[in-house]
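S.K.: got a predicted structure plus its sequence, pasted below:
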Number of protein chains: 2
Amino acid sequence: MTAGFRHDDLRRRNRAMLIAAVRRAGSVSRTDLVAATGLSHSTISAISADLISEGVLAETRAGDLPTARRGRPQVGLGLDPQAATVVTVALTLNHLTAALVDYAGEVKQEDHRRLPTKTMPTAELVEAMVAMVGRLVELRPAEAGPVARIVVAVQGTTDAAARRLLWSPIASQADIPFASILEDAFGVPTTVENDCSMIAIALRWKQPERYREDFIAILLSHGIGMGLVLKGELFGGTQSSGCEFGHMVHRPDGALCRCGRRGCVEAYAGSYAIWRSAGLLPDDAEPAADIGDDEMAALAARARTADGPERAAFRRAGEALGFGLGSLFALVDPAPVALVGRGALAFDLIEPALAAAIARTAGGEHSGALSFAVEPDEMPLIRDGAAMRALTYVDDEVLAPGAASGLPS
Amino acid sequence: MTAGFRHDDLRRRNRAMLIAAVRRAGSVSRTDLVAATGLSHSTISAISADLISEGVLAETRAGDLPTARRGRPQVGLGLDPQAATVVTVALTLNHLTAALVDYAGEVKQEDHRRLPTKTMPTAELVEAMVAMVGRLVELRPAEAGPVARIVVAVQGTTDAAARRLLWSPIASQADIPFASILEDAFGVPTTVENDCSMIAIALRWKQPERYREDFIAILLSHGIGMGLVLKGELFGGTQSSGCEFGHMVHRPDGALCRCGRRGCVEAYAGSYAIWRSAGLLPDDAEPAADIGDDEMAALAARARTADGPERAAFRRAGEALGFGLGSLFALVDPAPVALVGRGALAFDLIEPALAAAIARTAGGEHSGALSFAVEPDEMPLIRDGAAMRALTYVDDEVLAPGAASGLPS
DNA sequence: CGCTTTTTTTCGGCGCTCGGAAAAAATCGA
DNA sequence: TCGATTTTTTCCGAGCGCCGAAAAAAAGCG
């Protein structure tokens, strides 16, 4: 709260800022950095020299800027891919995926496995994760830098410290301390993050022109998740990862949700809810465990051909999402929305009811700021977001003079 | 985004931090400041000497610390009340209030007037406000410092820059540029803020042990407002002041709200909604313009004596608030709640339904973190919050070397 | 081949914070 | 009453980081 600024904090912060600027740009000249940061040539020069000698940055004169200019050509400054390696793990319903990513953000190896996450014992799930990460870490190429961070992205709620999975619809057990487990196994700092937060980070990273300061990523799959970026910052709960958009109340005492409560947005808009509604099952029918992508696609196809219960189910989903977004927009103002995941493929069926619902809420007022985009494949987004999260953690640790131990110097 | 830290930013930030620490503590010794900030004795000494010579701080040896100690007694460091003066203006339904506050936070003068805010022409409303502020500014005591800031707290939505009142239920017209109007009239920097945000600031200021990092202030009056503090920061919208809790959707296409839409929380929990419901009027009956405090008190009294429509109306209000809070807690996790305003006097009638509703939502899970407190009188909170907001603006301007022009040196 | 242009590094200076020593201002004890 | 003790505050030299200006470097241009 009332932390004073020591003199040496200055250098640390400017180092961090320079690394961040290089990470954003990929390859920049020192002169560009001067313009971007407002620091002097001398300072940029000194800091980048330090970082190069520490093996964090590397000069990359390889074709970047149009070399057809008059004076001394700019020397590109990029992240040294060998400075470090991070591991990302994604745990979604019945899927476990992991990847090895170098310091420059390049995916070097990837592994995937199907397994019954919901029914298998937690111990086996943990074992499978440790084994997969272990294989990646051990078989990594010789030129790869030391593994500096692991980020686990998982569907569900994590604690605010990003160390435990508090609750998840895809696991049999609550409160699994993934971070400690992986740290004990590999001696590598680890955090556990919400999958939709990682999606938001990835979107911001890949499409900064569209997803800049304020936007919303909504994952439409078996359940409903949300990643929220407000004022340039990832928004999360105060005690948990928060942002459980799917469990905002749509209709008090309404349809039965996978979480056991009633009337959640998810109980109308999740795949299982659409499937239940399309099958004319009662709203309090137990949610189905898993519904195949092809099955949902067939449902959508039927909804497109005739105005039957299938179409009504998608309409109900759109309405729930619309009123949910309306309530959200009452709190944070409208912002661009990305609809992510297989469920977003049925956006054409959802959209009319969604738009009509939003128009009847506080969010409808400034609907000019509203726009929707569809990203059907969430897996690469989760992976890239987790990688970026891991790498920025590493960036921030590199800046601390003492913490640079894992890096060559 | 990528702003580098210049060398002289350091001093500015440490000045700001020192001022903030003194403002929090009221009167501190330099040694306490060393402990609080982590800076060295030398630095604290140098900065405080500067600030004293600039007339921002003043030594206040007057009884603060237990002087029954061995060594050299501590010299108290406090804000110089004459360093500056700020003006707060509060505009609520049919009430206009303004106050003059010195740099140390003491209210020196106050003025109040009843006027029909909802029906009178905007020009007259503006004129009345300018006149009231003008009286305070001109008749201020001789020893008062220059007027350095005006903060207008108003029921309604303001723009993100805090310069305009975008929409308000208490005025006849939308989009009134109060900040520019007062700046033109008095040449004093002005901002327009949401009243509930000011309430939240005041609560944090006055009861830091209870309202610390995360809490919620809900104003129960004719309408429903909210001030939200998350992770120590006042939470607001991205384009407007946001946080329109009262206009989250409780029941899609439900009761008619004062905002013209349907099913908002306010349409069940605002005074007019309770009055409408208790009178067995239909849910789409036009909201009453204003309902006296005594009338609402009488309603509550009837509700307490018999289980009639009055009690049912309060129950409906509690339910709406409960489900609304449940949706909010799905996004941000539960936090202590302050129920502010006359409407909170009926908390005993609201509470059972509210608790039952929350228990059926995502927020009900960690209900241990939940607690409610009642603050019946919102006016002093609005005034003090606005004063604090104004004073911290001044604090932050004092730190900028060039901006210290308004201060004696 | 020398001149211009642009980028990058080098160098001297200034301001900020730090640590330690000295000064200041009180109490305690004889 | 006076010195010893204790605690707070100020003073002073040193180190570090940033800046501006100038020099050096690395091209293209004619």
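M.R.: In hand now; what should we look at?

S.K.: and for A:Gly246, nearest residue in space, chain neighbours not counted?
M.R.: Leaving aside its chain neighbours, A:Gly246 sits nearest to A:Ile224 (3.2 Å; criterion: CB to CB, 6 or more residues apart in numbering or on different chains). Quick note: C-beta positions are derived from backbone N, CA and C, even for glycine.

S.K.: residues in contact with that neighbour?
M.R.: Taking CB atoms under 8 Å, 6 or more residues apart in numbering or on different chains, we find A:Ile224 in contact with A:Ile218, A:Phe245, A:Gly246, A:Val265, A:Glu266, A:Ala269, A:Gly270, A:Leu321.

S.K.: so which of these belong to helices?
M.R.: Among those, the members falling in helices (DSSP state H) are A:Glu266, A:Ala269, A:Leu321.

S.K.: thinking the second one is in contact with A:Phe314, fair?
M.R.: No - contact criterion CB atoms under 8 Å: A:Ala269 and A:Phe314 do not qualify, at 9.3 Å.

S.K.: quick check: neighbours shared by the two?
M.R.: Contact criterion CB under 8 Å, 6+ apart; residues bridging A:Ala269 and A:Phe314 by contacting each: A:Ile350.

S.K.: ok, back up a step: distance of the residue nearest to A:Gly246 from A:Gln173?
M.R.: A:Ile224 sits 22 Å away from A:Gln173, going by CB to CB, to the nearest Å.

S.K.: pLDDT score for A:Val87?
M.R.: The model reports A:Val87 with a pLDDT of 98.

S.K.: how many neighbours does A:Pro282 have?
M.R.: Residues near A:Pro282, counting by other CB atoms under 10 Å in any protein chain shown, number 9.

S.K.: and it, which of the three is it?
M.R.: Of the three states, A:Pro282 takes coil under DSSP: H, G, I helix; E, B strand; the rest coil.

S.K.: where's it relative to A:Ser29, distance?
M.R.: According to CB to CB, A:Pro282 and A:Ser29 sit 65 Å apart.

S.K.: then A:Asp9?
M.R.: Counting by CB to CB, the separation of A:Asp9 from A:Ser29 is 27 Å.

S.K.: more neighbours: which of the two?
M.R.: Neighbours were tallied for A:Asp9 and for A:Ser29 using other CB under 10 Å; the higher tally belongs to A:Ser29 (17 against 14).

S.K.: show the contacting residues for A:Ser48.
M.R.: A:Leu18, A:Arg30, A:Leu33, A:Leu57, A:Leu77.

S.K.: please, which helix or strand holds A:Gly4?
M.R.: When elements are assigned from DSSP states H and E, A:Gly4 belongs to no helix and no strand.

S.K.: wait, isn't A:Phe329 in contact with A:Ile358?
M.R.: Yes - contact criterion CB under 8 Å: A:Phe329 and A:Ile358 qualify, at 7.5 Å.

S.K.: not counting its neighbours along the chain, what's nearest A:Ala346?
M.R.: Nearest to A:Ala346 is A:Ala300, by CB to CB, 6+ apart, at 4.4 Å.

S.K.: now A:Asp384
M.R.: Nearest to A:Asp384 is A:Ala202, by CB to CB, 6+ apart, at 4.3 Å.

S.K.: close to DNA strand D: what parts of chain A are there?
M.R.: With CB under 7 Å from any atom of the strand as the criterion, chain A meets DNA strand D at residues A:7-8, A:10-11, A:14, A:38-43, A:46-47, A:67-73.

S.K.: in PyMOL, select just the buried ones from the residues you listed.
M.R.: Buried residues within the residues of chain A next to DNA strand D, by 16 or more other CB atoms under 10 Å in any protein chain shown, are selected in PyMOL with:
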select buried, chain A and resi 10+11+14+39+43+47
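
S.K.: for DNA strand C, tell me which of the residues of chain A next to DNA strand D show up nearby.
M.R.: Residues of the residues of chain A next to DNA strand D in contact with DNA strand C (CB under 7 Å from any atom of the strand): A:His7, A:His41, A:Ser42, A:Ala46, A:Arg69, A:Arg70, A:Gly71, A:Arg72, A:Pro73.

S.K.: now the closest residue to DNA strand D within the stretch 151-300 of chain A: how far from chain B?
M.R.: Nearest residue of the stretch 151-300 of chain A to DNA strand D (CB to the nearest atom of the strand) works out as A:Gly232 at 23.1 Å. A:Gly232 sits 7 Å away from chain B, taking CB to the nearest CB, to the nearest Å as the criterion.

S.K.: strands paired with the helix or strand A:Val229 falls within, and their directions?
M.R.: Assigned by DSSP H and E, A:Val229 belongs to strand A:224-230. Applying DSSP bridges, strand A:224-230 is found paired with strand A:215-220 (antiparallel), strand A:233-235 (antiparallel).

S.K.: circling back to that earlier point, looking at the ones next to DNA strand C among the residues of chain A next to DNA strand D, which are in strands?
M.R.: Among these, none falls in strands (DSSP state E).

S.K.: and which of the residues you listed is nearest chain B?
M.R.: Proximity of these to chain B (CB to the nearest CB) peaks at A:His7, which lies at 7.1 Å.

S.K.: what's near enough to touch that closest one?
M.R.: So A:His7 contacts B:Leu10 (CB under 8 Å, 6+ apart).

S.K.: roughly how far is stretch A:179-192 from the heart of the chain?
M.R.: On the basis of CA atoms, centre = their mean, to the nearest Å, stretch A:179-192 sits 19 Å off its chain's mean C-alpha point.

S.K.: can I get that stretch in CSV, CA atoms only?
M.R.: What follows is stretch A:179-192, C-alpha atoms only, in CSV (Å, rounded to 0.1, in the frame of the first residue of the first chain):
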residue,chain,number,x,y,z
ALA,A,179,0.8,-26.2,-8.2
SER,A,180,2.4,-27.8,-5.2
ILE,A,181,2.2,-31.2,-6.8
LEU,A,182,4.0,-30.1,-9.9
GLU,A,183,6.5,-28.0,-8.0
ASP,A,184,7.4,-31.0,-5.8
ALA,A,185,7.7,-33.2,-8.9
PHE,A,186,9.9,-30.9,-11.0
GLY,A,187,11.1,-28.1,-8.8
VAL,A,188,9.7,-25.6,-11.2
PRO,A,189,7.4,-22.7,-10.0
THR,A,190,3.9,-23.5,-11.1
THR,A,191,0.5,-21.7,-11.2
VAL,A,192,-3.0,-23.0,-11.9
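
S.K.: not counting its own residues, what contacts that stretch?
M.R.: Contact partners of stretch A:179-192, identified using CB under 8 Å, 6+ apart, comprise A:87, A:126, A:129-130, A:133-134, A:137, A:147-152, A:154, A:158, A:162-165, A:178, A:389, A:393, A:397.

S.K.: and these, which are buried?
M.R.: For those, buried by 16+ other CB under 10 Å: A:87, A:126, A:129-130, A:133, A:137, A:147-152, A:154, A:158, A:162, A:164-165, A:178, A:389, A:393, A:397.

S.K.: A:Asp32 touches A:Val22, doesn't it?
M.R.: No - with contact defined as CB under 8 Å, A:Asp32 does not count as touching A:Val22 (9.8 Å).

S.K.: quick one: which of those two has more around it?
M.R.: Each of A:Asp32 and A:Val22 has its neighbours counted (other CB under 10 Å); A:Val22 has more, 24 against 18.

S.K.: just want the residue of the stretch 51-200 of chain A that's nearest DNA strand C.
M.R.: Nearest to DNA strand C in the stretch 51-200 of chain A, going by CB to the nearest atom of the strand, is A:Gly71, at a distance of 1.9 Å.

S.K.: for that residue, grab phi and psi.
M.R.: Backbone torsions for A:Gly71, taken as degrees, to the nearest 10, come to phi -80, psi -160.
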